[in-house]
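1. no sequence on this one, just coordinates:
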């Protein structure tokens, strides 16, 4: 029976099934992995799922974020099984297996081309399909330390560190946008192809940063196969021995600022996955640099830990599936199934339970911080608070101003006149 169910996968379009279940295409989310939402009678969102490989029925699957866990996911069989009561074909079935078989057979008798289904959803929403990335639409200038610092100063990244990375940074303006200002951009290239300023034809997208925390990606950027790859060394044909991974370029810059003395730049590559971990992205990088040791700096949250676990399974060539039940995570790694509590979940606990020992280093920021850049930002805030406290203390001693900002009686031996109560501009 299991094999019979498996045969249905290539015949049923998962997006068509979602539509029958009442889900609507959400064009503002998930360009490479379309997003579908379910709403209640009041128009409130009750569920959101994403479809990976939407145009390949055989390999397509849905996933959703649940309670901070990276994702809960399944294939078309799992989707139908979880919604059996919604299909009329299930009525009168002897048991769940019989009902599942009836529904799948009914759906398979209405074959839908997945590309046509996706186009239908896009058309129904009155939206144009996302354009492929085209570098010609961007006005580009190579980054300069002075310009980059306008964006990175608030992130507490030093000019010296910006100088190390500057040949892997650009400033861009989107000519098709309604704004006139430029943003900081980290060029994406195909996984395994190191970005070089003199080869713009290799650019496949951008990770974009702007003022006041603005972040985005250039339209058409394919994060499933591309990423930011920065080489800071001097070798023309480097032999990469370590690849440092993080969720953003800023995390990597912060890590270098903190750990610079421990890094051999001539043998090191820095890779930002742009907050979106993809199996193909990681596989292609590891294949391109087979001698390199992966060093992971993903965030100190459950998603970041799951990125560690997924990388470990890719290296160990083990399949990985995950589901959440209550306060626990249920894993199957290869043929081994086990459960771990969400509270205190770490890569080390996962690795031991899975029984794998991949060639891999995990170096997260200290547990009090979300990521490496948070360390710098907190240190900057502490310095400002200290400077402010010192300034207040000097004001109190020099001018007799107390903590409430009011003038107080000065010591009799104080021989300098206090200032007026007004402000000098």
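-> That came in fine, so what should we check first? Keep in mind that what you see is a predicted model, and the values were worked out from it rather than measured.

2. Let me see the ranges of the helices in the stretch 251-400 of the chain.
-> 279-288, 302-316, 347-354, 372-399 (DSSP state H, counting those that start in this stretch).

3. so which of those comes closest to residue 365?
-> helix 372-399 (4.8 Å; C-beta to C-beta). Any C-beta I mention is one placed from the backbone N, CA and C, and that applies to glycine too.

4. want to throw the helices of the stretch 251-400 of the chain into a markdown table with mean pLDDT?
-> As requested, these are exported to a markdown table (pLDDT from 0 to 100):
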| stretch | mean pLDDT |
| --- | --- |
| helix 279-288 | 91 |
| helix 302-316 | 93 |
| helix 347-354 | 96 |
| helix 372-399 | 76 |
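
5. doesn't residue 197 fall inside a helix?
-> No - with DSSP: H, G, I helix; E, B strand; the rest coil as the criterion, residue 197 is coil rather than part of a helix.

6. Reformat the helices of the stretch 251-400 of the chain as TSV; add distance to residue 83 and mean neighbour count.
-> Formatted as TSV, those follow (distance: least, C-beta to C-beta, whole Å; neighbours: other C-beta atoms under 10 Å):
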stretch	distance to residue 83	mean neighbour count
helix 279-288	27	17
helix 302-316	26	21
helix 347-354	30	17
helix 372-399	41	14
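
7. Would you mind giving those helices as CSV with distance to residue 237 added?
-> CSV is the format used below for the helices of the stretch 251-400 of the chain (distance: least, C-beta to C-beta, whole Å):
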stretch, distance to residue 237
helix 279-288, 13
helix 302-316, 25
helix 347-354, 33
helix 372-399, 29
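
8. nearest to residue 162, of those?
-> Among these, helix 372-399 comes nearest to residue 162, with 12.5 Å by C-beta to C-beta.

9. which stretches of the stretch 1-150 of the chain have low pLDDT?
-> 1-6, 28-31, 40-43, 66-71, 110-114, 116-117, 119-130 (pLDDT under 70).

10. Now do the helices in it.
-> 2-8, 14-20, 76-82, 96-108, 114-124, 145-152.

11. which strands and helices sit next to the last one?
-> Judged by 3 or more C-beta pairs under 8 Å, 6 or more residues apart in numbering; DSSP states H and E, helix 145-152 is in contact with helix 159-165, strand 183-190.

12. before we move on, the earlier item: ok, which of the helices of the stretch 251-400 of the chain comes nearest residue 261?
-> Among the helices of the stretch 251-400 of the chain, helix 372-399 sits nearest to residue 261 (C-beta to C-beta), with 15.2 Å.

13. Is residue 240 in contact with residue 293, as I believe?
-> No - between residue 240 and residue 293 there is no contact under C-beta atoms under 8 Å: 9.4 Å.

14. out of the two, which sits in the busier spot?
-> residue 240 (21 against 14; other C-beta atoms under 10 Å).

15. Next up, the contacts around that one.
-> By C-beta atoms under 8 Å, 6 or more residues apart in numbering, the contact list for residue 240 reads 231, 267, 268, 269, 289, 291, 292.

16. Narrow the residues you listed to those that are buried.
-> Listed as buried from the contacts of residue 240 are 231, 267, 268, 269, 289, 292; burial here means 16 or more other C-beta atoms under 10 Å.

17. How about the third one: what's its closest non-neighbour residue?
-> What that stands for is residue 268. The shortest distance from residue 268 to any non-neighbouring residue, by C-beta to C-beta, 6 or more residues apart in numbering, is to residue 242 (4.9 Å).

18. Tell me the spacing between the one you found and residue 236.
-> 19 Å (C-beta to C-beta, to the nearest Å).

19. Pick out whichever of the two has more residues nearby.
-> residue 242 (17 against 5).

20. So what sits opposite the more buried one in the bridge?
-> residue 268, residue 293 (DSSP bridges).

21. how many other residues sit next to residue 208?
-> Neighbour tally, residue 208, other C-beta under 10 Å: 19.

22. Name the strands paired with the helix or strand containing it and say parallel or antiparallel.
-> Assigned by DSSP states H and E, residue 208 belongs to strand 205-209. Strand pairing for strand 205-209, using DSSP bridges, gives strand 183-190 (antiparallel), strand 215-217 (antiparallel).

23. So what touches the shortest one?
-> Right, strand 215-217. With C-beta under 8 Å, 6+ apart, strand 215-217 has contacts from 183, 205, 206, 207, 208, 209, 210, 223, 248, 274.

24. if you set the cut-off to 10 Å instead, what comes out?
-> 31, 133, 174, 183-186, 188, 205-210, 223, 248, 250, 274-276 (C-beta atoms under 10 Å, 6 or more residues apart in numbering).

25. Please list only the buried members of the residues you listed.
-> By 16+ other C-beta under 10 Å, these give 31, 133, 174, 183-186, 188, 205-209, 223, 248, 250, 274-275 as buried.

26. The residue nearest to residue 268 reaches residue 233, doesn't it?
-> No - if you go by C-beta atoms under 10 Å, residue 242 and residue 233 don't touch, sitting 11.3 Å apart.

27. so who does residue 321 touch?
-> Residue 321 sits in contact with 73, 74, 313, 330, 331, 332, 333, 337, where contact means C-beta under 10 Å, 6+ apart.

28. Indicate which one of the strands paired with strand 205-209 is closest to residue 360.
-> Among the strands paired with strand 205-209, strand 183-190 sits nearest to residue 360 (C-beta to C-beta), with 22.9 Å.

29. tell me the average confidence for that closest one?
-> Averaged across strand 183-190, pLDDT comes to 94.

30. how much does it deviate in direction from helix 279-288?
-> 70 degrees (axes from the mean of the first three to the mean of the last three C-alpha atoms, to 10 degrees).

31. Centre of the chain to strand 183-190, how far?
-> 15 Å (C-alpha atoms, centre = their mean, to the nearest Å).

32. same thing with stretch 361-374?
-> Per C-alpha atoms, centre = their mean, the centroid offset for stretch 361-374 relative to its chain is 15 Å.
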